[in-house]
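J.: need a 3D model of the sequence below.
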Amino acid sequence: MGVMQLCCVIIYIRKVYSEMENIYEKSVVKQKTAADNIITLAAVLVTLGLVALSLLWEPLRLYAIAIAIVSGMVSWRIITDRNIEYEYILAGDSFSLDKIINKRRRKRIINCDLTDFDIIAPVQSKHYEEHKNNYAKKILAVSGDAQNEEFFGILEYKSKRNLVVFETDEKARTHIKKFLDQRYKG
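T.: Below is the predicted model of the structure:
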């Protein structure tokens with residue numbers, strides 16, 4: 001291996017390493033709420049009610065197994081769709097936010113540049129009070145238990161003004177600050 005090839009390899013390794021430092025990823029698991037528990041209980045009770053009705057009522061007895069299977073599948077789908085996680089990735093100046101349902105299905109909610117944000121600031125600040133009613137769509141990507149780490153951002157995305165609330169830590173805030181300067185109010 002010649003000196004020139006060795007220099008090229010070193011430059012490539014430095015480039016890859018520096019790009020890896022600019023990538024940040026965080027997963028946030030949404031906490032279960034009382035509404036989630038009520039929906040789960042309702043799904044189970046409706047399934048049991050349909051199965052009991054199909055077994056007790058003579059005209060439906062022939063379809064009891066089919067009713068049990070279909071209502072069980074629908075109930076299972078409703079219950080598992082309540083398991084929601086959010087994942088956001090900061091790579092360079094790009095920001096993407098994904099919703100992960102039951103650790104199987106992933107839905108991209110936002111994919112934009114950090115420079116698209118008009119402002120990013122803590123939820124517990126005067127800036128949130130100024131902007132909290134100035135949006136068309138609100139996206140909550142938080143667990144609900146780390147309010148001191150909740151930040152919000154306002155951006156124009158898909159022709160709508162969006163308010164995005166997400167959780168951060170010091171590493172993410174430092175990364176965001178690099179790209180937003182005056183628009184970061186942390």
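J.: wait, is Ala68 part of a helix?
T.: Yes - under DSSP: H, G, I helix; E, B strand; the rest coil, Ala68 falls within a helix.
J.: pLDDT wise, what is it at?
T.: Note for Ala68: predicted pLDDT of 88.
J.: for the residue nearest to it when sequence neighbours are not counted, give me its contacts.
T.: Distances taken as Cβ to Cβ, 6 or more residues apart in numbering put Val51 closest to Ala68, at 4.7 Å, once the chain neighbours are dropped. (Each C-beta comes from the backbone N, C-alpha and C, glycine too.) Residues counted as contacts of Val51 (Cβ atoms under 8 Å, 6 or more residues apart in numbering) are Ala64, Ile67, Ala68, Ser71.
J.: my read: the last one touches Leu50, true?
T.: Yes - taking Cβ atoms under 8 Å as the contact criterion, Ser71 and Leu50 are neighbours in contact, 4.5 Å apart.
J.: tell me, what residue is most central in the protein?
T.: Tyr86 (2.4 Å; Cα atoms, centre = their mean).
J.: partner residues bridging Arg161?
T.: Glu156 (DSSP bridges).
J.: kindly provide the distance from it to Arg105.
T.: Using Cβ to Cβ, to the nearest Å, one gets 27 Å for the distance from Arg161 to Arg105.
J.: now do the buried residues in whichever strand or helix holds Trp76.
T.: Trp76 is part of helix 64-80 when elements are defined by DSSP states H and E. For helix 64-80, burial by neighbour count (16 or more other Cβ atoms under 10 Å) applies to Ala64, Ile67, Ala68, Ser71, Gly72, Ser75, Ile78, Ile79.
J.: distance of the last one relative to Ile69?
T.: Same thing as Ile79. In terms of Cβ to Cβ, Ile79 sits 16 Å off from Ile69.
J.: show me where this protein has its strands.
T.: According to DSSP state E, the chain carries its strands in the segments 23-29, 84-91, 94-101, 105-113, 117-122, 137-141, 150-157, 160-167.
J.: show me the shaky parts of the protein.
T.: The chain contains residues with pLDDT under 70 at 1-25, 27, 31, 145-148.
J.: which one's the longest helix in this structure?
T.: Looking across the chain with DSSP state H, the single longest helix is helix 34-56.
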